[in-house]
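Novice: here are the coordinates; sequence isn't available:
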């Protein structure tokens, strides 16, 4: 029997990110980094409606994560959760949000929402106070980690043995090093407050995958400094080098900038 805990990576790339999660009682987004119209179209790809979404959990204030937050909050009355520093950083970027829709959710806390428990955890990225989330329902966990320069101990504990994982595979090191980006930007991406490379993402997955883990998604790929097939191959090679049964004990999935992954039971 398929689980009633489901997830779809609606869009994942350096140009825009949003993830959909549902339980019988809740339908939520993590981030809304595209236009409201594009996110509505992506929801349509999985036969879901934004009118049924009750909340958005924001990871940090970069535009590829918040571009549609204000529009969706105003149009659909969604509650918005972010930590205090992120709310301050979003001011002037997302427009007016009604006070009763504004919720402060600090890092390293847990929010109980009926049949959905949400844990936040701090990450290392060049934003004011970035955090990601692990979602729990019916003894199952979906945990996500992108936009970080490295995996800290708290992140590791949140992702360890999760049933479904979204992990960053932002760039191929050689493509980034030889590419057209200015050197300061390359340094930022490669630094402790930047992004995980394909190899780093693979090593992070190898560090947290467990017997419960059945699906792993590679996210936040850079269109300039990565290729989907290369990311998949590199991560797969890293995992196999650690004697992990890729596409046997668990499945490794790709994500896309503007095509939703199928609605997957966790």
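Specialist: Arrived safely, thanks for sending. Here the structure is a predicted model, which is why all the values come from computation and not from measurement.

Novice: let me see the ranges of the strands in the stretch 51-200 of the chain.
Specialist: 55-57, 79-82, 102-104, 110-113, 116-122, 131-137, 140-145, 164-168 (DSSP state E, counting those that start in this stretch).

Novice: deepest of those strands, which one?
Specialist: Among the strands of the stretch 51-200 of the chain, the stretch with the highest mean neighbour count (mean count of other C-beta atoms under 10 Å) is strand 164-168, at a mean of 27. Bear in mind the C-beta positions are built from the backbone N, C-alpha and C, glycine included.

Novice: by contact count, what packs against it?
Specialist: Using 3 or more C-beta pairs under 8 Å, 6 or more residues apart in numbering; DSSP states H and E as the contact test, the elements touching strand 164-168 are strand 140-145, helix 198-208, strand 215-219.

Novice: quick check: mean pLDDT across stretch 233-251?
Specialist: In this model, stretch 233-251 has an average pLDDT of 97.

Novice: make 20 the starting number, not 1.
Specialist: Let's use 20 as the start, then, which means that last one is stretch 252-270.

Novice: apart from its neighbours in sequence, what residue is nearest the spatially most central residue of the chain?
Specialist: For the chain, the residue nearest the mean C-alpha position is residue 163 (4.9 Å; C-alpha atoms, centre = their mean). Excluding the flanking residues, the one nearest residue 163 by C-beta to C-beta, 6 or more residues apart in numbering is residue 185, at 4.0 Å.

Novice: one more: residue 228?
Specialist: Nearest residue to residue 228 in three dimensions, chain neighbours excluded: residue 263, at 6.3 Å (C-beta to C-beta, 6+ apart).

Novice: does the one you found touch residue 229 like I think?
Specialist: No. Using C-beta atoms under 8 Å, residue 263 is not in contact with residue 229, being 10.5 Å away.

Novice: the two: who's more crowded?
Specialist: Shown here are residue 263 and residue 229; by other C-beta atoms under 10 Å, residue 263 has more neighbours (19 against 12).

Novice: for the more buried one, give its distance to residue 273.
Specialist: Using C-beta to C-beta, to the nearest Å, residue 263 is found at 18 Å from residue 273.

Novice: what segments of the stretch 170-285 of the chain are helices?
Specialist: For the stretch 170-285 of the chain, the helices defined by DSSP state H, counting those that start in this stretch cover 172-178, 192-197, 202-209, 217-227, 247-260.

Novice: out of the ones you listed, the one nearest residue 55 is which?
Specialist: Residue 55 lies closest to helix 247-260 among the helices of the stretch 170-285 of the chain, at 26.2 Å (C-beta to C-beta).

Novice: and residue 121, bridged to which residues?
Specialist: residue 99 (DSSP bridges).

Novice: most neighbours per residue, which of the helices of the stretch 170-285 of the chain?
Specialist: It is helix 217-227: most buried of the helices of the stretch 170-285 of the chain by mean count of other C-beta under 10 Å, with a mean of 22.
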